[in-house]
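Engineer: what's the 3D shape of this:
(4 chains)
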Number of protein chains: 4
Amino acid sequence: MPPADPGFAARVAASFERQPAMALIGATLDVVEAGRVVIGLAHRADIAQQHGFVHAGILSTALDSACGYAASSLMPADAGVLTIEFKVNLLAPAAGPRFRLEGQVVKAGRTISVVEGRALQLADDGREKLVATMTATVMTIVGRAGIQH
Amino acid sequence: MPPADPGFAARVAASFERQPAMALIGATLDVVEAGRVVIGLAHRADIAQQHGFVHAGILSTALDSACGYAASSLMPADAGVLTIEFKVNLLAPAAGPRFRLEGQVVKAGRTISVVEGRALQLADDGREKLVATMTATVMTIVGRAGIQH
Amino acid sequence: MPPADPGFAARVAASFERQPAMALIGATLDVVEAGRVVIGLAHRADIAQQHGFVHAGILSTALDSACGYAASSLMPADAGVLTIEFKVNLLAPAAGPRFRLEGQVVKAGRTISVVEGRALQLADDGREKLVATMTATVMTIVGRAGIQH
Amino acid sequence: MPPADPGFAARVAASFERQPAMALIGATLDVVEAGRVVIGLAHRADIAQQHGFVHAGILSTALDSACGYAASSLMPADAGVLTIEFKVNLLAPAAGPRFRLEGQVVKAGRTISVVEGRALQLADDGREKLVATMTATVMTIVGRAGIQH
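Structural biologist: Okay, here's the model as predicted:
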């Protein structure tokens, strides 16, 4: 999927840096490609639930951001995107120690885009385990305050 | 819906207190009734996205917790619940200043419960605005580590 | 919620009559109000799965139509709506003998509306049982072929 | 993913044949593999909405069946599966002339399985177009009436 804006990677990175919530949970922007964005997250005690696993909502926050930015990467420079809904399936407890949250655009529409998210748990020995899947529906916004991405 | 455990309110409160992620985002447990739980959240700069609205994922984190605890309130004392999936519609930017996240059990099953969530934005003048809706599917867990609630 | 089109009821009824799929499954349009539409469905052997319950997909078809028409009822006469996604929770087997599928608009937006659906099973003795819940996200379409409702 | 039941293909086919709703809409069972099932559907006037496209709910009915059977293919012979919820994104009007509805198991759990569905539109010239995506959450049922698959 060709990007509409050649400067999309810098634009996405700048937007990510301006999101305090991303810094709060310790998320990092790892990959920005046209239609695909990967956010990293490390297990930390303060983002966990009572059994020590990363809270499903915190994992979903990072995964939703990855999906929104994946859609945003394909938009013109003067447009943004707004997540209007997402659904997440939580497949296994998020033990960590690290996670890769990937958003991949499935359909890039003029008004509505659909993005699929995958949360992979990365073990120290390199093994990967799928711990969550997401589908996000994202709307293109032109010139409107309050855009998410 | 009658609770199976007379001590459900204390059990839910104790579980909430043990969730670091809830403290991190500044969420408070405001109401615990059989089948209905309300969590409070105040707008803060560090839980926002780049336009200053509360990040949709952070709002969803609190709303998912409210839904999970609503289901948990109806469970026996030796059981817990695990959110297996949730879907959230984001109806308006979450400006705040405060939010009431309510989870209400729609169906309490032996294995699977369905809980509906409502995120209400509370203005200083008392006006309320619905900013998000959620449906969460929750599984009853007996004796298993990793339960969410 | 005030309707934008005074002739919404006739417009919705005319659209319903032109949907062969509704006739195929035996669905009827029972109530059309501004923001709320009710479709009726009777159990029939040919819309069932192998255990005799109404197939969840058939029930969802009628419920999605109720949601779409509920959104459509609030639109201007020259606009239509297109369901862009829906999520349905299936709470109990759909034994029947009759069902009431209700769509209620939760948020009517200029571009995006959110509608909640309830599938109630009606017993001969008048008892009602909630067998499915739905949330549908619907987009307003002006002048475009292929609109659903 | 290895099947638990060597006779899964025949079991799935027998169940499909006993679903009147599948015959009503003209669906065919095309592929049955361990963890992956493909159902075929042809455009017909009586399964359409008012603009001639296949009704989104009818498409979803076939896609949900493909997902349920994909999960069922991995279950022991004495178990069945019940779809407890599904979410579908409708990406484009379903013009046809034919469709391939594929369900692929993403996670096969002891109690809960997650299945992803893809609805591909097949043109006469062989071109394929993704018209819908689905995620279905399916519960394993042992010895209970009312199973869907």
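Engineer: could you pull up the mean pLDDT of the biggest helix by length in chain A?
Structural biologist: If each helix of chain A is counted by residues according to DSSP state H, the longest one is helix A:56-72. Helix A:56-72 shows a mean pLDDT of 97.
Engineer: what do you get for stretch A:135-149?
Structural biologist: Rounded mean pLDDT across stretch A:135-149 is 73.
Engineer: what does stretch A:7-16 give?
Structural biologist: For stretch A:7-16, mean pLDDT is 96.
Engineer: hmm, that stretch touching chain B?
Structural biologist: Yes. Counting by Cβ under 8 Å from any Cβ of the partner chain, chain B is contacted by stretch A:7-16 at residue A:15. Glycine gets a C-beta too; all of them are placed from N, C-alpha and C.
Engineer: contacts made by that stretch with the rest, please.
Structural biologist: A:5, A:22, A:29, A:32-34, A:37, A:65, A:69, A:72-75, A:77, A:149, B:50 (Cβ atoms under 8 Å, 6 or more residues apart in numbering or on different chains).
Engineer: how about the helix or strand where residue A:135 lies as PDB, C-alpha atoms only?
Structural biologist: For residue A:135, the host element (DSSP states H and E) is strand A:128-142. Only the C-alpha atoms of strand A:128-142 are listed here, as PDB (Å, rounded to 0.1, in the frame of the first residue of the first chain):
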ATOM      1  CA  GLU A 128       7.100 -15.600  20.500                       C
ATOM      2  CA  LYS A 129       3.600 -16.200  21.700                       C
ATOM      3  CA  LEU A 130       0.400 -14.500  20.400                       C
ATOM      4  CA  VAL A 131      -1.300 -13.100  23.500                       C
ATOM      5  CA  ALA A 132      -3.900 -10.800  21.900                       C
ATOM      6  CA  THR A 133      -5.600 -10.000  18.600                       C
ATOM      7  CA  MET A 134      -7.400  -6.800  17.700                       C
ATOM      8  CA  THR A 135      -9.500  -5.300  14.900                       C
ATOM      9  CA  ALA A 136      -9.800  -1.600  14.900                       C
ATOM     10  CA  THR A 137     -12.100   0.600  12.800                       C
ATOM     11  CA  VAL A 138     -10.500   4.000  12.100                       C
ATOM     12  CA  MET A 139     -11.900   7.100  10.500                       C
ATOM     13  CA  THR A 140     -10.000   9.600   8.500                       C
ATOM     14  CA  ILE A 141     -10.300  13.100   9.900                       C
ATOM     15  CA  VAL A 142      -9.400  16.200   8.000                       C
END
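Engineer: quick one: strands adjacent to it?
Structural biologist: strand A:79-90 (antiparallel), strand A:112-122 (antiparallel) (DSSP bridges).
Engineer: would you mind giving the ones you listed as TSV with mean neighbour count added?
Structural biologist: Converted to TSV, these look like this (neighbours: other Cβ atoms under 10 Å in any protein chain shown):
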stretch	mean neighbour count
strand A:79-90	25
strand A:112-122	23
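Engineer: now tabulate those in a markdown table and tack on mean pLDDT.
Structural biologist: Below are the strands paired with strand A:128-142 laid out as a markdown table (pLDDT from 0 to 100):
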| stretch | mean pLDDT |
| --- | --- |
| strand A:79-90 | 95 |
| strand A:112-122 | 98 |
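Engineer: still on that earlier bit, ok, the longest helix of chain A near chain B or not?
Structural biologist: Yes. Legend: contact between helix A:56-72 and chain B by Cβ under 8 Å from any Cβ is shown at A:56-58, A:60-62, A:64-65.
Engineer: could you give the number of residues near residue A:110?
Structural biologist: The local packing of residue A:110 (other Cβ atoms under 10 Å in any protein chain shown) involves 6 other residues.
Engineer: spatially nearest residue to it (excluding sequence neighbours)?
Structural biologist: residue A:140 (6.8 Å; Cβ to Cβ, 6 or more residues apart in numbering or on different chains).
Engineer: residues touching residue A:35, list them.
Structural biologist: Neighbours of residue A:35 in contact, by Cβ under 8 Å, 6+ apart: A:1, A:3, A:70, A:73-74, A:104-105, A:108.
Engineer: since that was my last question, I'll sign off now.
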